[in-house]
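*Asks:* Let me see the structure of the following:
(2 chains)
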2 protein chains.
Amino acid sequence: MQGLMQDWPLLCHTILDHAARVHGEQEIVTRSIEGPITRSTFRTVRHNALRVAQALARDGHSVSDRVATLAWNTDKHMEVWYGAMGIGGIYHTLNPRLFPEQIAWIINHAEDSILFTDLTFVPIVAAIADKIPSVRKVVVLTDEANMPQTEFGAVSYEAFLDGTDGDYVWTKVDENSASGMCYTSGTTGNPKGVVYSHRSNVLHSMMATPLDSLGFAANETVLPIVPMFHANAWGIAHAAPMNGTKMVMPGAGMDGESVFELLSTEKITFSAAVPTVWLGLLQYLEETGKDLPDLKRVVIGGSACPRFMTETLEGKYGVEVRHAWGMTEMSPLGSLGALKPKYSGLPMSEQLDIKEKQGFAPYGVEMKITDDEDNEQPWDGETFGRLKVRGPAVASGYYGGDGVEQFDEDGWFDTGDVAHIDPQGYMQITDRSKDVIKSGGEWISSIELENLAAAHPDLVEAAVIGIAHPKWDERPLLVVIPKEGKSPSKEDILGFMDGKIAKWWMPDDVAFVEEIPHTATGKIQKTTLREQFADYTLPTA
Amino acid sequence: MQGLMQDWPLLCHTILDHAARVHGEQEIVTRSIEGPITRSTFRTVRHNALRVAQALARDGHSVSDRVATLAWNTDKHMEVWYGAMGIGGIYHTLNPRLFPEQIAWIINHAEDSILFTDLTFVPIVAAIADKIPSVRKVVVLTDEANMPQTEFGAVSYEAFLDGTDGDYVWTKVDENSASGMCYTSGTTGNPKGVVYSHRSNVLHSMMATPLDSLGFAANETVLPIVPMFHANAWGIAHAAPMNGTKMVMPGAGMDGESVFELLSTEKITFSAAVPTVWLGLLQYLEETGKDLPDLKRVVIGGSACPRFMTETLEGKYGVEVRHAWGMTEMSPLGSLGALKPKYSGLPMSEQLDIKEKQGFAPYGVEMKITDDEDNEQPWDGETFGRLKVRGPAVASGYYGGDGVEQFDEDGWFDTGDVAHIDPQGYMQITDRSKDVIKSGGEWISSIELENLAAAHPDLVEAAVIGIAHPKWDERPLLVVIPKEGKSPSKEDILGFMDGKIAKWWMPDDVAFVEEIPHTATGKIQKTTLREQFADYTLPTA
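*Replies:* From the prediction side, this is the model:
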């Protein structure tokens, strides 16, 4: 027997319609690329999104067409997203931090039909303009007055919208239709395209909304520092209008001073960004002696949030830290670290222990950890395993059928991370599954060893990789950079670690180097390190 | 082009699975029907729901079977709901406040196959046991020790679950399958069955979750005083486990003292109930001089929340009032009155003006107001029209095809209410569409006239109905009950109203009566009143 409830498909335009109708006067404030702070509203953003849709349709773009954006967080970027979805098309964010050739490769793989760019990135587009044949027009998100001359015939946003009046009806598509695209770039292989549906974006917004997630409401003000080109803007570009939350868009200004200015003049109540941004803000606060009276909480993810950062933000500035974890493939929220009521009475140091974990899953994210034989592992906070996830906003595949090996037959997505989960559901990433060291059938976390070794006073940095071993399959090798003028011995370092980890976790050897390779985002490049030590032989005990 | 996101159907069991996995230790506290306060957890409720599903399957109940409940809010009632949905069946709540014959009529209309009842309602079941042939078993939600002898062969919940161990896999059904049923009983005609789907219940829970709705979170504690048999429990039985919110179930105790006891011993942070319950609590607080230190907010709906109630709860006790409106047909949330930031600086009296309205729609509820020709009316806070709604948790029809006239061809459900909506989206119910007086093509609100007249110091109560008029179609007649020993004149009363309403709203006549008919829930029975005044002739001006 079927329910007797309305067929009301979960389409992204319903979010903006709701915002314009019920929260039409709510503001979107933007630090514009041209310089000044500009003020718009949800009603105006919707009107302009309808104009974008009209102009796209006029130019012959249609259902399923990919609309690329190479842009900062601004109201105009929002308009393009919703305009693209409004014709049944697909917004496709490009990460300007990639090399131009990578950007061109991604545009060609996705076969984008039009490209919207900020003034900042016109030089990138100039460098690839003759290598992206599917792109029929480039629109620079500025007005005629600020429009530069380009050799590739770009038009301004103002010129693009000229002649449109917003008299457009959103194109109706199935809720499982594609609405957005974002490529992930791993350390190996080509980038892979994640394709969000309207349904996944709407449901993900509802998952991002609760107080234990990001906490959207009509009397909150959010500063999404996390870029719209980074993992679907962590859902904020959908969840804020869904809840009538005032948005403050930082444009290109992510340094400590710029962030502080918006936090204070616009009375931001919550924000979301990677640790690097908060580091910049904390340094600025320290230098200036300024304070954060309005900010209530920040969501920190993208990479692990260091303990001192949580301690400083909570202890010194009274800002609650939500340590979060997610992936582009998860739309991206996977877990968030709200403090459960049973922990509220704990002393700060014990609360920090909990906040070092990446939090618990919201409704709509299922997690399990498994060993190499896919046996589920207990949630005891100690046993770790491959982290697999399932949910309505988790990818079922990549564009073009790439990366099929990450998707289990029974619907689980293998995150490539290794984690443990405690009985309260708090999950902590302990390693990448490629980097975990498998010794005698048991797993050793390379990250835990690195963190421990890096605390040695004579070391700058530490990395741990697995080295082939005839008896144990693999054993850990610790690779370290000593501080200038220091030369700690192997025994010094291992002695420092002794007693703090299980005996069989102790690295079999220590290698001293001058440099450890890193990725563009600052992570240790373990593949390169493993190549460097390919011929290394561990000492026999 | 389709999105590449997982097919993860929105099924109600995923809510309880999530609660048991991530918030397994979270408590459900119940004032049991047998007397003592009992304590359970989401993990235990899930285990017992699996046992209920097992026992239902053992007894031959299956997909689409209706599982009736005649019960208070308790952990056991939750177990039966989720157990019923777990076999692909349908929980069907019965309102014990109806007459036994009405309850029997509803059971027979729905063809319920089993009935779970609380001890309290065994006499009701005894009275109808031989009139409900589809019901194959009656289970009393108690243990063997408290089980009464019944002439209709009922078994105890303990006996029903005997031999089950919870080793059961939830039956997979389509997300649009029926999951729950609740009959509405209007003032005319037979009750009509609303049929919730799994999808509507899950989406409605997500709509009930945000801070601007009910505000569920893991460190909140909710006291759902609104019964599970009243309009789908306002969504709380789904939204609380979805967010790991501690639940305190009041059982049969809804008087001021019982409510206060739970509020204070269990440190309730928010609650939901009809105005009558809060009236009882306020009286108890006044008598005892007690306070509400933990309670942060209450959601008040079911009927309009009086201004003094909001004023007292907010001003004297510091409890935020959320005036809400909904319908069984809407799962039931339609609008909630969180205060928008632009109003936060207003003086109390102006905030109360806003809080007299029923609030704004959450995402997932679309509203419009129309005139008799279905022309949309402006959101100016003055023009009123028939209130129509649309959304994924709004009914598309009634069970068995009843009441088709309430559903527009273009998918809008006619609520039967008349309302105005202001530019900020705040909606206020001004009348039932059956009761609004249509004078010369314009509408006059019977409720506004009643409220105004009832403020006259010499009157006990006032009602307004439309009387046929040769020129204006209808004109208002004011029907009043004078206070004992008072005999105000028609001129007195109309003079009191003069200047407070538009001239053409002024009732054409005043009728003095000793009694005004009411429904079981205390509303004025306008149909009966209209019958009484069927032959009434208005004076010619």
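*Asks:* So what's the residue count around the closest residue to A:M330 other than its chain neighbours?
*Replies:* The shortest distance from A:M330 to any residue other than its chain neighbours is 5.3 Å, reached at A:V394 (CB to CB, 6 or more residues apart in numbering or on different chains). To be clear about C-beta, it is placed using only N, CA and C from the backbone, and glycine gets the same treatment. For A:V394, the neighbour count with other CB atoms under 10 Å in any protein chain shown is 28.
*Asks:* Show the contacting residues for A:V394.
*Replies:* Shown here is A:V394, whose contacts under the criterion CB atoms under 8 Å, 6 or more residues apart in numbering or on different chains are A:329-331, A:365, A:413, B:5-6, B:8.
*Asks:* Save these as a markdown table, and put in neighbour count and distance to A:S156 too.
*Replies:* Shown next, in a markdown table, are the contacts of A:V394 (neighbours: other CB atoms under 10 Å in any protein chain shown; distance: CB to CB, whole Å):
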| residue | neighbour count | distance to A:S156 |
| --- | --- | --- |
| A:E329 | 28 | 35 |
| A:M330 | 26 | 36 |
| A:S331 | 33 | 32 |
| A:V365 | 25 | 41 |
| A:F413 | 21 | 41 |
| B:M5 | 29 | 35 |
| B:Q6 | 21 | 40 |
| B:W8 | 21 | 42 |
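*Asks:* From the centroid of chain A, which residue is nearest?
*Replies:* Nearest to the centroid of the C-alpha atoms of chain A, with distances taken as CA atoms, centre = their mean, sits A:A231, at 4.4 Å.
*Asks:* Phi and psi next, for the residue of the stretch 151-300 of chain A found nearest chain B.
*Replies:* Relative to chain B, the nearest point of the stretch 151-300 of chain A is A:S197 (2.5 Å; CB to the nearest CB). With angles defined as degrees, to the nearest 10, A:S197 shows backbone torsions of phi -100, psi 170.
*Asks:* residues touching it, list them.
*Replies:* Shown in contact with A:S197 (CB under 8 Å, 6+ apart): A:175-179, B:2-5.
*Asks:* ok, those residues vs A:V389, which is closest?
*Replies:* Taking CB to CB as the measure, A:V389 lies nearest B:M5 of those, at 12.3 Å.
*Asks:* that older thread, which one is the residue of the stretch 151-300 of chain A closest to chain B nearest to, not counting chain neighbours?
*Replies:* B:G3 (2.5 Å).
*Asks:* related to what we said a few turns ago, among the contacts of A:S197, give me the pair with the biggest separation.
*Replies:* With distance counted by CB to CB, no two of the contacts of A:S197 lie farther apart than A:E175 and B:L4, which are 14.2 Å apart.
*Asks:* in the helix ranked longest in chain A, what's buried?
*Replies:* Taking DSSP state H as the assignment, the helix of chain A that covers the most residues is helix A:42-58. Applying a neighbour-count criterion of 16 or more other CB atoms under 10 Å in any protein chain shown, one finds A:42-57 buried in helix A:42-58.
*Asks:* Check the residue of the stretch 401-541 of chain A found nearest chain B and give its pLDDT.
*Replies:* Among the residues of the stretch 401-541 of chain A, A:G425 lies nearest to chain B; the distance is 3.8 Å by CB to the nearest CB. Among the per-residue scores, A:G425 holds a pLDDT of 98.
*Asks:* Could you confirm it falls within a strand?
*Replies:* No: the assignment for A:G425 is coil, going by DSSP: H, G, I helix; E, B strand; the rest coil, so no strand is present there.
*Asks:* Please report the distance of it from B:R43.
*Replies:* Counting by CB to CB, to the nearest Å, the gap from A:G425 to B:R43 is 12 Å.
*Asks:* and if you look at A:K357?
*Replies:* Computed with CB to CB, the distance linking A:K357 and B:R43 is 21 Å.
*Asks:* Could you tell me the average pLDDT over stretch A:53-61, please?
*Replies:* With pLDDT averaged residue by residue, stretch A:53-61 scores 98.
*Asks:* Now do that stretch: everything it contacts.
*Replies:* Where contact means CB under 8 Å, 6+ apart, the residues beyond stretch A:53-61 that reach it are A:65, A:67, A:82-84, A:86-87, A:89, A:113-114, A:136-137, A:160-161, A:163-168, A:170-171.
*Asks:* could you redo the last one with a cut-off of 6 Å?
*Replies:* With contacts defined as CB atoms under 6 Å, 6 or more residues apart in numbering or on different chains, stretch A:53-61 is touched by A:83, A:86-87, A:113, A:160-161, A:164, A:168.
*Asks:* Equivalent analysis for stretch A:95-115, please.
*Replies:* Stretch A:95-115 is touched from outside by A:61, A:65-68, A:70, A:92, A:94, A:121, A:124, A:127-128, A:131-132, A:134-138, A:183, A:191, A:229, with contacts defined as CB under 6 Å, 6+ apart.
*Asks:* Quick one: mean pLDDT for that stretch?
*Replies:* Mean pLDDT, stretch A:95-115: 95.
*Asks:* before we move on, what about stretch A:501-516?
*Replies:* On average, stretch A:501-516 scores 93.
*Asks:* Same check on stretch A:369-380?
*Replies:* If you average the per-residue pLDDT over stretch A:369-380, you get 95.
*Asks:* and what of stretch A:291-311?
*Replies:* Rounded mean pLDDT across stretch A:291-311 is 94.
*Asks:* ditto for stretch A:32-41
*Replies:* Across stretch A:32-41, pLDDT averages out at 97.
*Asks:* pLDDT below threshold where in chain A?
*Replies:* A:186-188, A:520-521, A:541 (pLDDT under 70).
*Asks:* Near chain B, which residues of it? Just list them.
*Replies:* Contact residues, chain A versus chain B (CB under 6 Å from any CB of the partner chain): A:1-6, A:8, A:18, A:22, A:64, A:176, A:178, A:195-197, A:200, A:206, A:209-212, A:217-219, A:242-243, A:340-341, A:360-361, A:363, A:391-392, A:394-397, A:425.
*Asks:* Which of these fall within helices?
*Replies:* Within those, residues falling in helices by DSSP H are A:18, A:22, A:200, A:206, A:242-243.
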